[in-house]
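>>> requesting a structural model of the entry that follows:
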Amino acid sequence: MKKIALPLTIVLIYLGGILTSANAQIGGWKANKDKKTKERIGKSKEAIEEFKNKDNGLVSFFNKAYGYVIFPSVGKGGIGVGGAHGKGIVYERGKIIGQASLTQASIGFQFGGQSYREVIFFETKTDLDRFKENKFEFSAQASAVAVTVGASADVAYNDGVAVFTMQIGGLMYEASIGGQKFKYTAF
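Okay, here's the model as predicted:
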């Protein structure tokens, strides 16, 4: 009986070590994920301030919208076939409620690469809920307002949504937001 107990004890200690190691790795992954989320939140707050500073008419959108999602940086590129991707933070009534990812695939006349910021305002709770249920995407005809001084003065919601973009860098011949798809994840 003692001959079986020693190997069994060794196996249990070994398995305990593996589980402890796996738990530490999962904890490290979660800590890294939390760090990236905190960085994204910080960048989203900076982007909000940049939008407001560039066009003070956007202050009204940020204050009155039921909710909004801000993508501090979206990378886009293409030569005939293109794509874009970005991650952002979702706000409801001015409070952070989750995060979102943006993906876009396009085909047609396009050349170059750029990075830009994007903010999507939702006029009502129903509009934001549609986004949160992952039932929201832009059609090929959708368009955004490029933020410059006073650009927001005559902008109205279209189907409960208003979209603004601000170029960060790069040069690309093509500026539509058509074909964008989003995925929302609650905190």
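>>> any idea where the helices of the protein begin and end?
2-54, 58-64, 125-132 (DSSP state H).
>>> quick check: closest non-adjacent residue to Ala153.
Gly57 (5.5 Å; Cβ to Cβ, 6 or more residues apart in numbering). From N, CA and C alone the C-beta is placed, and that goes for glycine too.
>>> weakest of the helices of the chain by average pLDDT?
Note on those: helix 2-54 shows the lowest mean pLDDT, a mean of 67.
>>> Pro42 and Ala186, how far apart?
Quick fix: residue 42 is Gly, not Pro. 20 Å (Cβ to Cβ, to the nearest Å).
>>> what of Ala65?
19 Å.
>>> parallel or antiparallel, list what pairs with the lengthiest strand in the chain.
Scanning the chain for the longest strand, with DSSP state E as the assignment, gives strand 95-122. Neighbouring strands of strand 95-122 in its sheet, by DSSP bridges, are strand 67-92 (antiparallel), strand 161-173 (antiparallel), strand 180-186 (antiparallel).
>>> columns distance to Ala105 and mean pLDDT on top of these, output as CSV?
Below are these laid out as CSV (distance: least, Cβ to Cβ, whole Å; pLDDT from 0 to 100):
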stretch, distance to Ala105, mean pLDDT
strand 67-92, 5, 92
strand 161-173, 15, 82
strand 180-186, 9, 93
